[in-house]
Each structure stands twice: as structure tokens, then as C-alpha cells.
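Colleague: my questions are about this predicted structure, shown below with the sequence.
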Amino acid sequence: MQRPEQRLARPLYEALPWLYIACGLAALAASYLLASYLLPSLLVGAFGLTSLVGGIVVLLRRREYREFRSHYGNPDSYGSPDSLTGKDSEPRN
């Protein structure tokens with residue numbers, strides 16, 4: 001029995017890395033403002049740095065994946081149902 005595939009709406013999917021980056025920058029700013037409280041500042045700063053780096057990594061990985069897919073005749077890396085798993089949607093003969 002296969003589970004139905006659940007996907008995010010394209011605008012939300014495309015905005016997620018930017019949301020991660022924005023949250024990371026906001027958390028880093030909050031960490032700076034919380035400098036007088038050592039532990040909360042460190043925790044918020046670690047979260048901010050992780051979120052910022054994670055957002056940048058996701059952006060770069062998506063760009064690399066889309067460039068890779070465009071070299072092999074499928075420029076729409078989000079269009080096919082199996083594009084995220086790397087499987088072909090139609091069997092090859």
C-alpha cells in the first residue's frame with residue numbers, strides 16, 4: 001500500500017530557504033541584543049547561525065540540482081512528481 005504523496009504549494013516551497021535565512025538573521029540580531037544574558041544569547045545565536053547556514057545550503061543545493069537537471073533535458077526540476085527523489089516518472093525502454 002502506497003502512501004499518497006504530500007507536497008507543499010510551490011510558492012511556499014520556493015520561499016522556505018528565504019524564510020530560514022530571515023529567521024536566522026533575526027535570531028542572530030536577537031542574540032546580539034541578549035548579550036547580557038549569556039546562556040539565552042548563546043542558544044539563540046546557535047539557532048540563528050544554524051538556520052542561516054541551513055537556508056543558504058538549501059538554496060545552493062536547489063540551484064545545483066536544477067542546473068544538473070537542465071543538462072539532462074528536464075529544466076523544470078519541480079514539475080514531475082518524482083523530481084525530488086531522482087526517479088523517472090515514466091519507465092524507459
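Modeller: It's in. Because the structure is a prediction, the values reported are computed rather than measured.
Colleague: so how far is stretch 57-64 off the chain centroid?
Modeller: Going by Cα atoms, centre = their mean, to the nearest Å, the spacing between the C-alpha centre of stretch 57-64 and its chain's C-alpha centre is 8 Å.
Colleague: could you say which helix or strand contains Leu52?
Modeller: Secondary structure here is read from DSSP states H and E; on that basis Leu52 sits in helix 38-71.
Colleague: now do the spatially most central residue of the chain against Leu42, distance only.
Modeller: Taking Cα atoms, centre = their mean as the criterion, Val58 is the residue nearest the geometric centre of the chain, at 3.8 Å. Between Val58 and Leu42 the distance, using Cβ to Cβ, to the nearest Å, works out to 24 Å. No exception for glycine: its C-beta is placed from N, CA and C like everyone else's.
Colleague: then Leu52?
Modeller: To Leu42, Leu52 is 15 Å away according to Cβ to Cβ.
Colleague: about what we covered before: list the buried residues for the helix holding Leu52?
Modeller: Ser41, Val44, Gly45, Phe47, Gly48, Ser51, Leu52, Gly55, Arg62, Arg66, Arg69 (16 or more other Cβ atoms under 10 Å).
Colleague: ok, stretch 10-18 next?
Modeller: When burial is assessed from 16+ other Cβ under 10 Å, stretch 10-18 yields the following buried residues: Pro17.
Colleague: quick check: pLDDT value at the residue nearest to Leu19 when sequence neighbours are not counted.
Modeller: In this structure, Leu19 finds its nearest non-sequential neighbour in Gly55, 7.5 Å apart by Cβ to Cβ, 6 or more residues apart in numbering. As predicted, Gly55 sits at a pLDDT of 97.
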